[in-house]
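Trainee: When you get a sec, could you give me coordinates for this:
(4 chains)
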There are 2 protein chains.
Amino acid sequence: MATIKDVARESGVSIATVSRVFNDSGLVSEDTQKVVREVALRLNYWPNAVARSLITNRTHTLGVLLPDLHGEFFSGIIRGIDRAARAEGFHLLVSSSHADTEQLIVALRSMRGRIDGLIVMAPDVDAPSAIRASAGDMPIVLLDAGESAGYDGISIANFDGAYAAVRHLMRLGHRRVATVTGPARNLDAQQRLGGYRAALADGDGECDPRLELHGDFTEPSGFEAASQLLRLEPRPTAVFVGNDHMAVGVLGALTDAGMRVPDDLALVGFDDIEMARYLTPPLTTVRVDTFALGECAVRCLLGRALGRAGGEPRREQMPTTLVVRRSCGSTRPGPVEVAGRRVPQPWADPAEPA
Amino acid sequence: MATIKDVARESGVSIATVSRVFNDSGLVSEDTQKVVREVALRLNYWPNAVARSLITNRTHTLGVLLPDLHGEFFSGIIRGIDRAARAEGFHLLVSSSHADTEQLIVALRSMRGRIDGLIVMAPDVDAPSAIRASAGDMPIVLLDAGESAGYDGISIANFDGAYAAVRHLMRLGHRRVATVTGPARNLDAQQRLGGYRAALADGDGECDPRLELHGDFTEPSGFEAASQLLRLEPRPTAVFVGNDHMAVGVLGALTDAGMRVPDDLALVGFDDIEMARYLTPPLTTVRVDTFALGECAVRCLLGRALGRAGGEPRREQMPTTLVVRRSCGSTRPGPVEVAGRRVPQPWADPAEPA
DNA sequence: TTGTATGCGTTATCAT
DNA sequence: ATGATAACGCATACAA
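Mentor: Coordinates of the predicted model:
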């Protein structure tokens, strides 16, 4: 692999000139520039990014630390990150599957010097401080974390989304509305539960602790929770499920038990995973725009990394949208959902904005 | 951010000794080592990966070039890559969304010096040679590409999977079996079409060019194709669809037209996306283990990058599995599919191996 | 066991 | 407009 020296020698100029050709390009004469570029092309030369980083202290690379890469949620986020980063000429150094904060720190440490900024989705609540210690003064954006002081952060409007979903159920006449929660330590789960409770309180719904069933965001846990739900006396007439994966499990259990959705029990999920619209009945749910979340994180991060922004930590919140389909038994279905679809699909679910 | 010099000074040793502590660790006395480690911890020192790479010419990073990051297919692949790479202490430098080969080359060039090896899923047929020119002597693994000479490559058993799917339909008594293909230039699509044709020829099925409908792997294109399919005279009794996304569109169009699946028309897809089991009826399809595909790519690549392997280019093929659900009208449903699921789901689809 | 000195490929700072 | 040379942070051959 040719280096700057090879190009300099072949071109009959100094390495400084070659370097200038590939950077400033203003201080080099047309003729010299032409020669150098030709030689570089012939030798298939391109500046070594590592050597360049060492002296400039800039890598044009963003570190991305996620708990997982699987599923639509993470897939959407990383896609948004990728698009936005590429648009600014940045690469992505990705590491995922961190079981705990310690593993995350190990990954972060080994990125030292290789990245200009960091996007982190921390599994634990205690992660941020540990991260800061290992990250030096590198700009960091927290994805979906709490109000950690001193960090830029982007969160999801979990509370609002859950509130809108439950309020929708109550407008349909439901007073006894159950919920299936996510993991207790999970912030999204906590906030969604908060929205559920608030909507219930604001709309004179029944506030019964037994109506709060516990899941862990997985489909089997939804199945389990639904089994418990069916044993409640009196039985709730609707259920707000903390995410769509659990809602799939709930739907399965209800169908098994011979319950009709939404007639016997109305159902609303959260996330709007792709599958939601293809369930029977199509699932009413709260949409989270994960792509935009990723994009937003990059914009926020580059604002700091490139010194465009400064001062106060910025906190942004990604809005959510209630997507009404048939599982909630809405009496007034909205227009056909068309986002991202190119062809009319008459068999698809009706939907309406929140 | 502390450097090796800071640690050396604070520890009262030379930078060479500090370096040894963080590398060999055999040639340094216990005492010195202890002091250095303490100081390093206090100063929050960790070797700068970029500087280290410059001299060792090893980055412990793998480049990953994919056409997209969206959807289960890519999500599964990159997850497999991530896991396998992490297990070997490697990072991932990811770049995606390359519309054409030129964009891909630009991305590749800017990775120069930053990666020890490359995993590429090239959108175009002409990509490999361009890649080689820009990659120097870096080890490369091609994902899902043809028989490009001189490269390690991992492909999917598209032909076998399609063959098994269509053969299954014929065993169920179907003779007039249609297909919906993917993009003409797409290798997967070509191979799946090949498997369809071969199974038809081997099993005295009807070989009618009109039975080959063209799609582009998107759901709307499946919807369109199904509309054409319904106008065929005589109407086929079964259809093998080139991927699950199109199969969803086909199913929608058939349902719209009042056709019953599988009674009026049997349906088989390809990929086994998560949604497949939740459709009505659950979709019989050919499973591709994308996770294993990614893992395999990393193993193959590291074999070369770490100098473990040599000589002949290796070509591996990921096997596929026919997952029988209800959309094909199989008269003998297999055991309940349990892979990756922790809780029995009695309402779930029956399945059987190929 | 430890220190000195060189070089990795590049940019940046001086010169000229 | 161009060249010589010192950094950048580290690993390593060689010396001690």
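Trainee: residues in contact with the residue in the stretch 101-250 of chain A that DNA strand C sits nearest to?
Mentor: For the stretch 101-250 of chain A, the residue closest to DNA strand C is A:G113, as judged by Cβ to the nearest atom of the strand, at 12.3 Å. All C-beta atoms are positioned from the backbone trio N, CA, C, and that covers glycine. For A:G113, the contacting residues are A:53, A:59, B:48-51, by Cβ atoms under 8 Å, 6 or more residues apart in numbering or on different chains.
Trainee: Equivalent analysis for A:V298, please.
Mentor: By Cβ under 8 Å, 6+ apart, A:V298 lies in contact with A:62, A:80-81, A:84-85, A:88, A:90, A:119.
Trainee: Look up how far A:T59 lies from the residue in the stretch 201-350 of chain A that DNA strand D sits nearest to.
Mentor: As assessed by Cβ to the nearest atom of the strand, DNA strand D sits closest to A:A305 within the stretch 201-350 of chain A, at 17.6 Å. Computed as Cβ to Cβ, to the nearest Å, the A:A305 to A:T59 distance reads 10 Å.
Trainee: intersection of neighbour lists for those two?
Mentor: Common neighbours of A:A305 and A:T59 (Cβ under 8 Å, 6+ apart) are A:D116.
Trainee: circling back to that earlier point, pretty sure the residue of the stretch 201-350 of chain A closest to DNA strand D contacts A:L118?
Mentor: No. Taking contacts as Cβ atoms under 8 Å, A:A305 lies outside contact range of A:L118: 9.4 Å.
Trainee: which neighbours do those two share?
Mentor: Residues within reach of A:A305 and of A:L118 at once, by Cβ under 8 Å, 6+ apart, are A:62, A:139.
Trainee: A:Q317 contacts A:I154, doesn't it?
Mentor: Yes. Using Cβ under 8 Å, A:Q317 is in contact with A:I154, at 7.3 Å.
Trainee: who has more neighbours, these two?
Mentor: Legend: neighbour count by other Cβ atoms under 10 Å in any protein chain shown for A:Q317 and A:I154, higher for A:I154 (25 against 14).
Trainee: Need the three-state assignment for the closest residue to that one other than its chain neighbours.
Mentor: Of all residues not flanking A:I154 in the chain, A:E316 sits nearest, at 4.9 Å (Cβ to Cβ, 6 or more residues apart in numbering or on different chains). Three-state call for A:E316 (DSSP: H, G, I helix; E, B strand; the rest coil): strand.
Trainee: Okay, and the residue in the stretch 151-300 of chain A that chain B sits nearest to sits in which element?
Mentor: Nearest to chain B in the stretch 151-300 of chain A, going by Cβ to the nearest Cβ, is A:P220, at a distance of 3.5 Å. A:P220 is part of helix A:219-230 when elements are defined by DSSP states H and E.
Trainee: what about chain A, any weak spots by pLDDT?
Mentor: Counting by pLDDT under 70, the ranges of chain A that qualify are A:25, A:123-125, A:146-149, A:307-310, A:331-354.
Trainee: So which residues of it form helices?
Mentor: A:4-11, A:15-21, A:30-42, A:49-56, A:71-87, A:101-109, A:127-135, A:158-171, A:187-202, A:219-230, A:244-256, A:290-305 (DSSP state H).
Trainee: Let me know which of those helices is tucked in deepest.
Mentor: helix A:244-256 (a mean of 25; mean count of other Cβ atoms under 10 Å in any protein chain shown).
Trainee: List the contacts of that helix.
Mentor: By Cβ under 8 Å, 6+ apart, helix A:244-256 touches A:180, A:182, A:215, A:217-227, A:229-230, A:239, A:241, A:261, A:264-265, A:267-273, A:275-276, A:279, A:283, A:285, A:327, B:278, B:345-348.
Trainee: For it, list the C-alpha coordinates in PDB.
Mentor: In PDB, the C-alpha atoms belonging to helix A:244-256 read as follows (Å, rounded to 0.1, in the frame of the first residue of the first chain):
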ATOM      1  CA  ASP A 244     -45.800  -4.600  21.000                       C
ATOM      2  CA  HIS A 245     -43.800  -7.800  21.600                       C
ATOM      3  CA  MET A 246     -45.700  -8.400  24.800                       C
ATOM      4  CA  ALA A 247     -48.900  -7.400  23.100                       C
ATOM      5  CA  VAL A 248     -48.300 -10.200  20.600                       C
ATOM      6  CA  GLY A 249     -48.100 -12.600  23.600                       C
ATOM      7  CA  VAL A 250     -51.200 -11.100  25.100                       C
ATOM      8  CA  LEU A 251     -53.100 -11.500  21.900                       C
ATOM      9  CA  GLY A 252     -52.000 -15.100  21.600                       C
ATOM     10  CA  ALA A 253     -53.200 -15.900  25.200                       C
ATOM     11  CA  LEU A 254     -56.500 -14.100  24.700                       C
ATOM     12  CA  THR A 255     -57.100 -15.900  21.400                       C
ATOM     13  CA  ASP A 256     -56.200 -19.200  23.100                       C
END
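Trainee: just the angle between it and helix A:219-230, please?
Mentor: For helix A:244-256 against helix A:219-230, the angle by axes from the mean of the first three to the mean of the last three Cα atoms, to 10 degrees is 50 degrees.
Trainee: okay, the angle between helix A:244-256 and helix A:71-87?
Mentor: Relative orientation of helix A:244-256 and helix A:71-87, computed by the same axes, to 10 degrees: 160 degrees.
Trainee: from the chain's centre, how far out does helix A:244-256 sit?
Mentor: 24 Å (Cα atoms, centre = their mean, to the nearest Å).
Trainee: hang on, the earlier thing: ok, of the contacts of helix A:244-256, which come out buried?
Mentor: Among these, those classed as buried by 16 or more other Cβ atoms under 10 Å in any protein chain shown are A:180, A:182, A:215, A:217-227, A:229, A:239, A:241, A:261, A:265, A:267-273, A:275-276, A:279, A:283, A:285, A:327, B:278, B:345, B:348.
Trainee: just checking, A:T17 touches A:V36?
Mentor: Yes. Between A:T17 and A:V36 there is a contact under Cβ under 8 Å: 6.8 Å.
Trainee: still on that earlier bit, ok, the residue of the stretch 201-350 of chain A closest to DNA strand D - contacts?
Mentor: A:62, A:116-117, A:139.
Trainee: If any of the residues you listed are buried, give me the ChimeraX selection for them.
Mentor: A single ChimeraX command selects the buried members of the contacts of A:A305 (16+ other Cβ under 10 Å):
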select /A:62,116,117,139
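Trainee: Stretch A:168-183 vs chain B: in contact?
Mentor: No. Shown here: stretch A:168-183 not in contact with chain B (Cβ under 8 Å from any Cβ of the partner chain), separated by at least 14.5 Å.
Trainee: Residues of the stretch 101-250 of chain A that sit close to DNA strand D?
Mentor: With the criterion set to Cβ under 7 Å from any atom of the strand, the stretch 101-250 of chain A comes near DNA strand D through A:G113.
Trainee: and the stretch 101-250 of chain A, which of its residues are near chain B?
Mentor: Residues of the stretch 101-250 of chain A lying close to chain B (Cβ under 8 Å from any Cβ) are A:107, A:109-114, A:133-134, A:136-137, A:218-220, A:223-224, A:248-249.
Trainee: Closest to A:E30 out of the contacts of A:A305?
Mentor: Nearest to A:E30 out of those is A:D116 (Cβ to Cβ; 33.3 Å).
Trainee: Assess the claim that the closest one and A:H60 are in contact.
Mentor: Yes. If you go by Cβ under 8 Å, A:D116 and A:H60 touch, sitting 6.7 Å apart.
Trainee: shared neighbours, these two?
Mentor: Common neighbours of A:D116 and A:H60 (Cβ under 8 Å, 6+ apart) are A:F90.
Trainee: In the stretch 251-354 of chain A, what residue spans correspond to strands?
Mentor: A:266-268, A:285-288, A:315-318, A:320-323 (DSSP state E, counting those that start in this stretch).
Trainee: okay if I get those strands as CSV plus distance to B:A8?
Mentor: Shown next, in CSV, are those (distance: least, Cβ to Cβ, whole Å):
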stretch, distance to B:A8
strand A:266-268, 61
strand A:285-288, 49
strand A:315-318, 41
strand A:320-323, 53
